[in-house]
Structure formats: C-alpha cells, structure tokens
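Asks: need coordinates for the below:
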Amino acid sequence: MSQITSEWIILDNGPRAWYARPTSAGPHPAVVVFIETFGVNKHFQDVAERLARAGYCAMVPDLFHGKTYDYSNLTEAIGHLKTLNDTLVMQEAGLAIDALQQRAEVRKNAIGALGFCMGGRFAFMANAIHADRLQATVAFYGGGIAPESDPVGRAPLLHLAKQMGAPLLLLYGAEDPSITPEEHGRIATALSAAHKRYTLTVFPDAPHGFFADPRDSFRPEAARVGWRLALDHFAEHLGAPG
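Replies: All right, here's what the predicted structure looks like:
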C-alpha cells in the first residue's frame, strides 16, 4: 500500500480538482474520477485517496464548482445536476486529462476513467469523446446512458458506442429501479454491435449507490467486489501500478 498525498489543485482556465497520488516518483497510471450528483465531498476525496493507496494518481474534477450537497438533500442535488452541460463537462474532463499528462509522476499513456451514478454516465461519454486519451473505463451504476425516458432530461449516449476506444467495465445493482435490466440490454446490444470490448456485471442484491459507504444504499460485499473488479480492470489495461 502506497504512502500518499492529496490536495486541491487548479486546472487551466480556472476549475479545480481534488488530486491524490502516491508519494513515490513513479511514473504511475492515473484515473480521472467523475462524481455523483452530490459534489466533491469527503466520500469522493476518499475514493481518490483509495486509488492513490493502490498506486494510481487520481484526479477528481469539481464539476459542481465548489458546491456539495448532503445525501439527504436529493432535491437540490438533482436540481444542480439538471444545470450541467455535457459539452462543458467533457471540456473539464479534458482539462483534468491535460493536467495528469503534464505531471512527472504520471504514466502518460496509462490514464483511465472511473465514474459513479451521473459520473458513470460521464465516464461512458468520456470513453468516446476522449477516446484517444483514455485506456480503460469503469462505470458504477451510470444513470442516463440508455433510458427509455430520463427523468432529468439528459440525452442518451448509445450513439457514441462506435467512437469508443477503451475497454469498459459496467457495474450495476439488480435492485436499482432507476437502471432496469432492459437498459442493461440496450447498452450491451449497442456495444456488441459496435464491436467494443466490455464487461457488464450485475450484483443481485444491490441497489443504486451500493458503493458509497456514507449512504443507506451501501452494500459492503458488492462494494468490495466491485472495487476489486475495477482495480483489476485498470491493472490489466493501464499496466501494473507503480
């Protein structure tokens, strides 16, 4: 387990990001982390630090620009989510990738994406928009990828499947009413038709948000196995952490 350091940094053009890294010189593989709809809170700082302890440099762009919401305040959190612009989010993701590639401790051609909930959708999107810059992607319960009707009003993303470059790991809970088995099927069909490499795993007794330990939805066993699968995916496609 690596010794780590973590801090806020400022990206080009002004947005900030939480950055965690091993203290050793590296170079290390790196991961851009996309947040849930509650902001870069303590949980997501911890996620970055867990990655750093596993040997990765982890960058969490602050897509909410300083705002965080309590897990009990879903109404305001969803209200903020509705204001996000996909194009701007992908621009800020690009700034995070730029920042990683400029750092001496980062292995330049070994950068992945990891997202949760709305961030899972952004990780899926980044796999297409930044296809030439990402080597692996993991999405935990990414909502809004291929719904019949998205309650937040987001555009579905299956048209991006042909653009994707990196292998995908998609993790879902069977007890998640917001992402149905039919949506799993639509995603799998689109990726298979586009001849993309992906793995789709469903945890039988897990609800939405099963990875987030501060939430009532947390399921320790699904979270443990999902994290192991994510790290295995990154190790396979980014190379062994330094």
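Asks: mind listing the strands in the protein by residue range?
Replies: For the chain, applying DSSP state E gives strands covering 4-10, 16-22, 28-34, 57-61, 106-116, 136-140, 168-173, 198-203.
Asks: now do the second one against strand 4-10, angle only.
Replies: In other words, strand 16-22. Orientation of strand 16-22 against strand 4-10 (axes from the mean of the first three to the mean of the last three C-alpha atoms, to 10 degrees) gives an angle of 160 degrees.
Asks: likewise the third one?
Replies: Calculated by the same axes, to 10 degrees, strand 28-34 forms an angle of 50 degrees with strand 4-10.
Asks: parallel or antiparallel, which strands does strand 28-34 pair with?
Replies: Applying DSSP bridges to the sheet, strand 28-34 is found paired with strand 57-61 (parallel), strand 106-116 (parallel).
Asks: pick the most buried one from the ones you listed.
Replies: strand 57-61 (a mean of 28; mean count of other C-beta atoms under 10 Å). C-beta coordinates here come from the backbone N, C-alpha and C atoms, glycine included.
Asks: OK, contacts around the residue nearest the centre of the chain?
Replies: In the chain, the centroid-proximal residue (C-alpha atoms, centre = their mean) is Gly115; its distance is 1.4 Å. When contacts are counted by C-beta atoms under 8 Å, 6 or more residues apart in numbering, Gly115 touches Val33, Phe34, Ile35, Arg121, Phe122, Ala123, Phe124, Val138, Ala139, Phe140, Gly142.
Asks: related to what we said a few turns ago, now the strands of the chain as JSON lines including mean pLDDT?
Replies: Below are the strands of the chain laid out as JSON lines (pLDDT from 0 to 100):
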{"stretch": "strand 4-10", "mean pLDDT": "98"}
{"stretch": "strand 16-22", "mean pLDDT": "98"}
{"stretch": "strand 28-34", "mean pLDDT": "98"}
{"stretch": "strand 57-61", "mean pLDDT": "98"}
{"stretch": "strand 106-116", "mean pLDDT": "97"}
{"stretch": "strand 136-140", "mean pLDDT": "98"}
{"stretch": "strand 168-173", "mean pLDDT": "98"}
{"stretch": "strand 198-203", "mean pLDDT": "98"}
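Asks: quick one on the thing from earlier: okay if I get the strands paired with strand 28-34 as JSON lines plus distance to His28?
Replies: As requested, these are exported to JSON lines (distance: least, C-beta to C-beta, whole Å):
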{"stretch": "strand 57-61", "distance to His28": "5"}
{"stretch": "strand 106-116", "distance to His28": "6"}
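Asks: and Ile9, which of those is closest to it?
Replies: strand 57-61 (8.2 Å; C-beta to C-beta).
Asks: Leu188 contacts Thr201, doesn't it?
Replies: One correction, residue 188 is Ala, not Leu. No. Contact criterion C-beta atoms under 8 Å: Ala188 and Thr201 do not qualify, at 11.4 Å.
Asks: so what does the residue lying closest to Lys67 once chain neighbours are set aside have for phi and psi?
Replies: Counting by C-beta to C-beta, 6 or more residues apart in numbering, Lys67 lies nearest to Gly39, which is 5.4 Å off, once chain neighbours are set aside. Backbone dihedrals for Gly39, given as degrees, to the nearest 10, come out at phi 90, psi 180.
Asks: burial count for Gly39?
Replies: 19 (other C-beta atoms under 10 Å).
Asks: was I right about it contacting Tyr71?
Replies: No. In this structure, Gly39 is not within contact of Tyr71 by C-beta under 8 Å, at 10.8 Å.
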